[in-house]
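*Asks:* No letters, just coordinates:
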């Protein structure tokens, strides 16, 4: 009887061992399937002269000089990208001082299962031009107080970095072009949807929805759009007011 008891105990232990190994192997395989090994195709259109993008584990690191590849009055006279904009009340910062460098880290796969998070002041994302995206506030007040300093593409300098508050017409103007990526790892597009060619009608409170884009190979993906509602003070459209959905 004792011998038989030891025999059955041994079998039970072996069964538990192999079951445990099998379970671990399954989990390892499953986790490996969730590891991102390639950058999203949308990153291919970012300004390579300003932006460096690479994977670091489960995150994407985006490092930028912050200097855009388009014309603006903020480049300053003498620069080949200087654009004369007599109506703009230019803020005192100098674009060529190269004080615009910014680095952000975002989840390679945004977590859309959490709570909505309000945007904060300063950089809320990086545009394809290499410059920062800001929200709908200026300092601790409304954007209206800074409207006079915004250039033709809805941007200005302060504090320190050149950044967009409005639809950046230099690279997206009433179309479906990529605007950039926000701090929650979700991409932001222009006012039109690539999948339909028209203004989306199913956007949530953040201006986001699920549909295919020109960079997803026919697969659906959650992304934001510049909401097609004019911001009255400036006569243009806010780039992004929030809240984030991908934290």
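*Replies:* That came through fine. Just so it is clear, the model here is predicted, and its values are computed rather than measured. Residues are numbered from 1 along each chain as shown.
*Asks:* you'd agree residue 148 is up against residue 88?
*Replies:* Yes: Residue 148 is within contact range of residue 88, at 7.3 Å (criterion: Cβ atoms under 8 Å). Quick note: C-beta positions are derived from backbone N, CA and C, even for glycine.
*Asks:* So which of the two has more stuff around it?
*Replies:* More crowded of residue 148 and residue 88, by other Cβ atoms under 10 Å: residue 88, with 17 against 13.
*Asks:* list the contacts for the nearest residue to residue 84 once chain neighbours are set aside?
*Replies:* Nearest in space to residue 84, with sequence neighbours left out and distances taken as Cβ to Cβ, 6 or more residues apart in numbering, is residue 73 at 6.8 Å. Shown in contact with residue 73 (Cβ atoms under 8 Å, 6 or more residues apart in numbering): 82-85, 88, 90, 151.
*Asks:* And the helices in this protein?
*Replies:* Here the chain has its helices, by DSSP state H, at 2-34.
*Asks:* Flag the shaky bits of it, pLDDT-wise.
*Replies:* The model of the chain has pLDDT under 70 over residues 1-34, 96-98, 232.
*Asks:* Is the most centrally placed residue in it bridged to anything, and to what?
*Replies:* Closest to where the C-alpha atoms of the chain average out (Cα atoms, centre = their mean) is residue 181, at 1.6 Å. Beta-bridge partners for residue 181, by DSSP bridges, are residue 126, residue 187.
*Asks:* And it, how far from residue 57?
*Replies:* As judged by Cβ to Cβ, to the nearest Å, residue 181 and residue 57 stand 17 Å apart.
*Asks:* Then residue 167?
*Replies:* Counting by Cβ to Cβ, the gap between residue 167 and residue 57 amounts to 34 Å.
*Asks:* coming back round to it: quick check: the residue nearest to the centre of the chain touching residue 188?
*Replies:* Yes: judged on Cβ under 8 Å, residue 181 makes contact with residue 188 at a distance of 6.9 Å.
*Asks:* Which neighbours do the two have in common?
*Replies:* Common neighbours of residue 181 and residue 188 are listed as residue 125 (criterion: Cβ under 8 Å, 6+ apart).
*Asks:* dump the residue contacts of residue 245.
*Replies:* Contacts of residue 245 (Cβ under 8 Å, 6+ apart): 110, 112, 116, 184, 186, 204, 206, 208, 222.
*Asks:* From those residues, keep the buried residues only.
*Replies:* Buried subset of these (neighbour count, 16 or more other Cβ atoms under 10 Å): 110, 184, 186, 206, 208, 222.
*Asks:* Isn't the second one up against residue 117?
*Replies:* I take that to be residue 184. Yes: using Cβ under 8 Å, residue 184 is in contact with residue 117, at 7.4 Å.
*Asks:* wait, residue 191 sits on residue 225?
*Replies:* Yes: assessed by Cβ under 8 Å, residue 191 is found in contact with residue 225 at 6.1 Å.
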